[in-house]
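> could you look at this predicted model? Sequence included:
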Amino acid sequence: MLRTFIASLFFLIIILTKVTSAQETNSIQINGGIISPMHSSNGYTGLIQFNYSLTPEFSFYLYSGYSLWDQHKVVYLENYSSVQKQTIFNSYKADDHVLIPVYFGSRINLHTNKLFTSYLTAELGYSYIRYSSYQNLRSVNPATGEVLKYYVDQSTRKENREDLFGLGIGAGISHSLTENLNLVLLFKLNSYINSNYSGIFSSRGTYTMFLAGFNFSI
């Protein structure tokens, strides 16, 4: 499924580029930055995007890319007692995340002045995600019954691959460097629709991205 989506994406980009080659407002955008899944370590992301302009204020876009981050963190709680002084234990239950999105969206420009153009985006699409998951074990002092720690049992490592659909919103600004080149800064909030992570905008299935890049007119 992933290969089909990516092939369809680039095929559509080629078709749109040929059909609209006379329009100088279409562009290729290259972004890079930080991805921050909720309750997880930060990671890195890189995206390539084709922008198809309908009017100076409104456009559609298609993008794909590659993101990676490490641990999805969890917190275990124990009841306080005369024996149990520490009640909060930090661990993780998944790591080595790789995310490959193929998304379609729209952008609307809100305001333009001499310095920048501000805009909003809305998008939906498909994501392939791969990661390793683990079970956690509890270490207990046999003499007192005190919980000492929670730790990852590496022997329970499981490879996971999922096909997910999601939606997202974003806000950004662009600054013109030359007639055909813009600097772009963008914030995005995305969440999976069909995951088993307690629904849309759950902590497990939601991430933000802080992106910077360049937009080249074609």
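On my side now, so go ahead.
> make it CA atoms for all contacts and neighbour counts henceforth
Fine.
> and the longest strand anywhere in the chain, how far out from the chain's middle?
Across the chain, the longest stretch assigned as strand under DSSP state E is strand 147-178. Averaged C-alpha coordinates place strand 147-178 at 6 Å from its chain's average position (C-alpha atoms, centre = their mean, to the nearest Å).
> ok, now stretch 117-128?
Centre to centre, stretch against its chain (C-alpha atoms, centre = their mean), the figure for stretch 117-128 is 11 Å.
> only alpha carbons, please: show that stretch as PDB.
Provided in PDB are the C-alpha atoms of stretch 117-128 (Å, rounded to 0.1, in the frame of the first residue of the first chain):
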ATOM      1  CA  THR A 117       2.600  36.200   4.100                       C
ATOM      2  CA  SER A 118       0.700  34.300   6.900                       C
ATOM      3  CA  TYR A 119      -1.400  31.300   6.100                       C
ATOM      4  CA  LEU A 120      -3.400  28.300   7.400                       C
ATOM      5  CA  THR A 121      -3.400  24.700   6.200                       C
ATOM      6  CA  ALA A 122      -5.700  21.700   6.500                       C
ATOM      7  CA  GLU A 123      -4.800  18.200   5.300                       C
ATOM      8  CA  LEU A 124      -5.600  14.500   5.400                       C
ATOM      9  CA  GLY A 125      -3.800  11.400   4.200                       C
ATOM     10  CA  TYR A 126      -2.100   8.100   4.800                       C
ATOM     11  CA  SER A 127       0.900   7.200   7.000                       C
ATOM     12  CA  TYR A 128       3.000   4.100   7.300                       C
END
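> which residue ranges form the helices in the protein?
Along the chain, counting by DSSP state H, helices occupy 2-19.
> so where's it shaky on pLDDT?
The model of the chain has pLDDT under 70 over residues 1-24, 195-200.
> right, and Ser59 touches Ile108 too?
Yes. Using C-alpha atoms under 8 Å, Ser59 makes contact with Ile108 at a distance of 6.7 Å.
> and the longest strand of the chain, which strands flank it?
Partner strands and pairing direction for strand 147-178 (DSSP bridges) are strand 117-140 (antiparallel), strand 181-192 (antiparallel).
> who touches the shortest one?
If I follow you right, that is strand 181-192. 164-177, 199-202, 205-217 (C-alpha atoms under 8 Å, 6 or more residues apart in numbering).
> now the closest residue to Gly105 other than its chain neighbours: how far from Pro142?
Distances taken as C-alpha to C-alpha, 6 or more residues apart in numbering place Glu123 nearest to Gly105, at 3.8 Å, with adjacent residues excluded. Glu123 sits 53 Å away from Pro142 when distances are taken as C-alpha to C-alpha, to the nearest Å.
> okay, these two: which has more neighbours?
Taking other C-alpha atoms under 10 Å, Glu123 and Pro142 do not tie; Glu123 has more neighbours (19 against 8).
> who's in contact with that one?
103-106, 167-169.
> what comes up buried for stretch 75-82?
Buried residues in stretch 75-82, counting neighbours by 16 or more other C-alpha atoms under 10 Å, are absent.
> picking that back up, filter the contacts of strand 181-192 to the buried ones?
Using 16+ other C-alpha under 10 Å as the burial test, those include 164-176, 200-202, 205-217 as buried.
> no more questions from me, cheers.
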